[in-house]
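Student: Fold the following.
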Amino acid sequence: MPLPKPPAKRADMLSAADFESQPKPAKSAKRSSKATPPARVSQPPVLELVTRPVVADTTPKRTTAVPTTPANRPVGSPVAERTDSGSPSRTSAAPAAAPTVRTGPQGASRRRKSTGPAKLFVLDTNVLMHDPMSLFRFDEHDIYLPMITLEELDNHKKGMSEVARNARQVSRDLDALAADMSNRAQQDPAAGIELSKTGHVEAGGKLYFQTTGMSVELPSGLPQGKADNQILGVVQALRDMHPGREVVLVSKDINMRIKARALGLSAEDYFNDKTLEDGDLLYTGVMALPADFWERNGKGMESWQQGGITYYRISGPTVPLLLVNQFVYLEAPGAAPWYGKVTEITGKSAVLRTLKDYAHAKNGVWGVTARNREQNFALNLLMDPECDFVTLTGSAGTGKTLMTLASALSQVLDERRYTEIIVTRVTVPVGEDIGFLPGTEEEKMSPWMGALDDNLEVLARSDNSAGEWGRAATNELVRSKIKIKSMNFMRGRTFLNKFVIIDEAQNLTPKQMKTLITRAGPGTKIICLGNLAQIDTPYLTEGSSGLTYAVDKFKGWPHAGHVTLARGERSRLADFASEVL
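Tutor: Just a heads-up that it's a prediction; the model follows:
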């Protein structure tokens, strides 16, 4: 069959006669017959719009048109069609439940999570003060702020606490959003404010303020003047005003959520700050290899030695499950155990290396040797100069502080890799606060550093060859290399060639954790220690702790490592108490 005439100009399209004269594959013709009626065969080629249909209240955005034909159009594609003249034509067959989208600025579109109307979330004041960016965390859904919420923000904006700073940040964001509401001709308060107008393109909903009074009948047992009850009244009134829309109260206050559910109102906690829903899903840094690991992953394996360390390059089904600086082990009955660490992942292959055995006395660190598998992994991380950030978690008595302090003294005094040791921790009391402490910064922090003193005493006793005078001189030298700092004065500092230990890191918020880690300068190593089962900071859980946040964000980075210590080594009494109490 002769070919059609070549195009005489750019973007020239085939005529209807030339197009129909071309042979069509049987499969394509069959698919096109399902998507378009037979009467459209004689129509000229059409233009297919790339974007999906937008909601009615958005402004049309310029789209790129792509030429297509009935023969090559996907079956059931929910797109609009235009003819060559630009007039809208019939829409091709589409599923009945096609999701709608909301178009944001610069043509950025977001797919809605559900096919129904957007939810209306009423935010409690504690949510805004907990996360100042919570206004922009609800995707395509709308936000409603009662007037009493703004009053409470105004009452909490004074001071230097974290809550006061968050309240001021929320007030600045609300001021930027409501900048043009003073002119009624420009903005109608009842129409809402686009949350994406300040540059947060991830927020596709609108912000609504309470502008009118609402008559609500609450139970007589709830005082009308309390702020929480006024917010509950607003939620109930909004539910009556919008019967076809889901109105949800979002609050960090457990009792307020209980009262809302008792009144038949929808209430939820604020989950965006939680890194993990379940603490058991936290990355452990250790993975047990199956018994047939070498048979399944050893095909084409390469091995070599460098500096007394053996390296293995493997490829197989286990490689996608590995992360850089993750420890792996293979223990089989009747065979010697094998321990390794992932050092590199390239495509479908990974490089494993053997570890230094710190359980042997000849490899002891400042007189401390590993007593179990996880402690050996932790010491390999602590003594690795290429690992700048290490996190250790575990229950009480697993040896986190002792191993960290021993490795710090070894690298500061023996190897002179770092100039000094800096120790800090969150000053959150377990019980009642004892009040102000006298003295300098280090004297004020000394009561909080009892764990440091206990471990220094253990490390000093391990040296029996120097005598009493030698141990006293060693203690003075060790004390001179350890600086105890308060977290309150960390902002703006830069640590150069320091070994920084952050104890009790489970009591840090993600923002405080970021403040401390970003203090690290060249040659600085930061160690975070904590037990996620002993969180003393109010409003922090295992899922929202800064330690959980750091472990999840740094996993897989070539210069960071994490180990969860599972076995206690303090004493049989402490181990049994941690299990049964």
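Student: Pull the residues that contact the helix or strand where Leu379 lies.
Tutor: In this assignment (DSSP states H and E), Leu379 forms part of helix 373-382. Under the criterion Cβ atoms under 8 Å, 6 or more residues apart in numbering, residues 285-286, 325, 327, 329, 337, 339, 341, 355-359, 365, 370, 387, 390, 392, 394, 398-400, 403-404, 407, 527, 561, 563-567, 569 lie in contact with helix 373-382. Quick note: C-beta positions are derived from backbone N, CA and C, even for glycine.
Student: Tell me which entries of those lie within helices.
Tutor: Lys400, Met403, Thr404, Ser407 (DSSP state H).
Student: Closest to Gln236 out of the residues you listed?
Tutor: For those, the closest approach to Gln236 (Cβ to Cβ) belongs to Lys400, at 49.6 Å.
Student: could you list every residue that touches that closest one?
Tutor: Ala378, Leu392, Thr393, Gly394, Leu529, Gly530, Leu565.
Student: Show me what the second one bridges to in the sheet.
Tutor: Beta-bridge partners for Leu392, by DSSP bridges, are Leu529, Val563.
Student: gap between it and Ser545?
Tutor: Look at Leu392 and Ser545: by Cβ to Cβ, to the nearest Å, they are 14 Å apart.
Student: And the last one, by the same measure?
Tutor: Using Cβ to Cβ, Leu565 is found at 17 Å from Ser545.
Student: More neighbours: the two, which one.
Tutor: Taking neighbours as other Cβ atoms under 10 Å, Leu565 and Ser545 compare with Ser545 leading, 28 against 25.
Student: Tell me the buried residues within the contacts of helix 373-382.
Tutor: Those of the contacts of helix 373-382 that meet the buried threshold are 285-286, 325, 327, 329, 339, 341, 355, 358-359, 365, 370, 387, 390, 392, 394, 398-400, 403-404, 407, 527, 561, 563-565, by 16 or more other Cβ atoms under 10 Å.
Student: For the longest strand seen in the chain, which residues meet the burial criterion?
Tutor: As assigned by DSSP state E, the longest strand anywhere in the chain is strand 338-346. Residues of strand 338-346 classed as buried by neighbour count (16+ other Cβ under 10 Å): Trp338, Tyr339, Gly340, Lys341, Val342, Thr343, Ile345.
Student: Name the residues that touch that strand?
Tutor: 311-312, 319, 322-331, 350-355, 373, 376-377, 380.
Student: so that strand versus helix 373-382, what angle?
Tutor: Inter-element angle recorded for strand 338-346 and helix 373-382: 50 degrees (by axes from the mean of the first three to the mean of the last three Cα atoms, to 10 degrees).
Student: In the sheet, which strands lie alongside strand 338-346, parallel or antiparallel?
Tutor: Here strand 338-346 has these sheet partners by DSSP bridges: strand 327-330 (antiparallel), strand 349-354 (antiparallel).
Student: tell me the mean pLDDT for that strand?
Tutor: What strand 338-346 shows for mean pLDDT is 94.
Student: Dump the C-alpha coordinates for it into CSV.
Tutor: C-alpha atoms of strand 338-346 as CSV (Å, rounded to 0.1, in the frame of the first residue of the first chain):
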residue,chain,number,x,y,z
TRP,A,338,29.7,-14.8,61.2
TYR,A,339,29.2,-11.1,61.8
GLY,A,340,29.4,-8.4,59.1
LYS,A,341,28.4,-4.9,58.2
VAL,A,342,27.0,-3.5,54.9
THR,A,343,29.5,-0.9,53.6
GLU,A,344,28.2,-0.2,50.1
ILE,A,345,25.0,-0.9,48.0
THR,A,346,25.3,-0.3,44.2
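Student: Determine how far that strand lies from the middle of the whole chain.
Tutor: On the basis of Cα atoms, centre = their mean, to the nearest Å, strand 338-346 sits 25 Å off its chain's mean C-alpha point.
Student: Could you do stretch 373-383 as well?
Tutor: 26 Å.
Student: ok, now stretch 316-328?
Tutor: On Cα atoms, centre = their mean, the centre of stretch 316-328 falls 21 Å from that of its chain.
Student: Outside of that stretch itself, list whatever touches it.
Tutor: 283, 285-290, 293, 296-299, 339-345, 348-350, 352, 355, 377, 380-381, 387, 555-558, 560-561, 563.
Student: Okay, strands next: where are they in the stretch 201-350 of the chain?
Tutor: For the stretch 201-350 of the chain, the strands defined by DSSP state E, counting those that start in this stretch cover 206-209, 247-250, 266-268, 286-288, 302-306, 309-315, 327-330, 338-346, 349-354.
Student: how about the ones you listed in CSV, adding distance to Leu456?
Tutor: CSV is the format used below for these (distance: least, Cβ to Cβ, whole Å):
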stretch, distance to Leu456
strand 206-209, 55
strand 247-250, 47
strand 266-268, 48
strand 286-288, 29
strand 302-306, 37
strand 309-315, 32
strand 327-330, 28
strand 338-346, 30
strand 349-354, 32
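Student: Let me know which of the ones you listed is tucked in deepest.
Tutor: Compared across the strands of the stretch 201-350 of the chain, strand 247-250 shows the largest average neighbour count, a mean of 23 (mean count of other Cβ atoms under 10 Å).
Student: Quick check: mean pLDDT of it?
Tutor: On average, strand 247-250 scores 93.
Student: Likewise for stretch 419-431?
Tutor: Mean predicted confidence for stretch 419-431 is 76.
Student: what do you get for stretch 128-135?
Tutor: pLDDT averaged over stretch 128-135 gives 88.
Student: contacts for that stretch?
Tutor: Against stretch 128-135 from outside (Cβ under 8 Å, 6+ apart): 123, 127, 137, 143, 149, 153, 156, 163, 166-167, 169-170, 173-174, 177, 195, 203, 207, 252, 270, 272-273, 539.
Student: if you set the cut-off to 6 Å instead, what comes out?
Tutor: Val127, Val163, Asn166, Ala167, Gln169, Val170, Lys252, Asp273 (Cβ atoms under 6 Å, 6 or more residues apart in numbering).
Student: and those, which are buried?
Tutor: Val127, Asn166, Ala167, Gln169, Val170, Lys252, Asp273.
Student: Go through the residues you listed and flag which are in helices.
Tutor: Val127, Asn166, Ala167, Gln169, Val170.
Student: need the residues you listed in a markdown table with distance to Ser15, can you?
Tutor: Output for those, formatted as a markdown table (distance: Cβ to Cβ, whole Å):
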| residue | distance to Ser15 |
| --- | --- |
| Val127 | 62 |
| Asn166 | 66 |
| Ala167 | 68 |
| Gln169 | 63 |
| Val170 | 62 |
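Student: ok, those residues vs His242, which is closest?
Tutor: Taking Cβ to Cβ as the measure, His242 lies nearest Val127 of these, at 20.7 Å.
Student: Enumerate every residue touching the closest one.
Tutor: Here Val127 is in contact with Ser134, Val250, Lys252, Tyr270 (criterion: Cβ under 6 Å, 6+ apart).
Student: got it, and Asn372?
Tutor: By Cβ under 6 Å, 6+ apart, Asn372 lies in contact with Arg567.
Student: ok, 8 Å please
Tutor: Neighbours of Asn372 in contact, by Cβ under 8 Å, 6+ apart: Arg567, Glu569.
Student: Just the pLDDT at it, thanks.
Tutor: pLDDT recorded at Asn372 is 90.
Student: That one and Asp575: what is the separation?
Tutor: 12 Å.
Student: okay, and the common contacts of these two?
Tutor: With contacts taken as Cβ under 8 Å, 6+ apart, Asn372 and Asp575 have Glu569 as neighbours in common.
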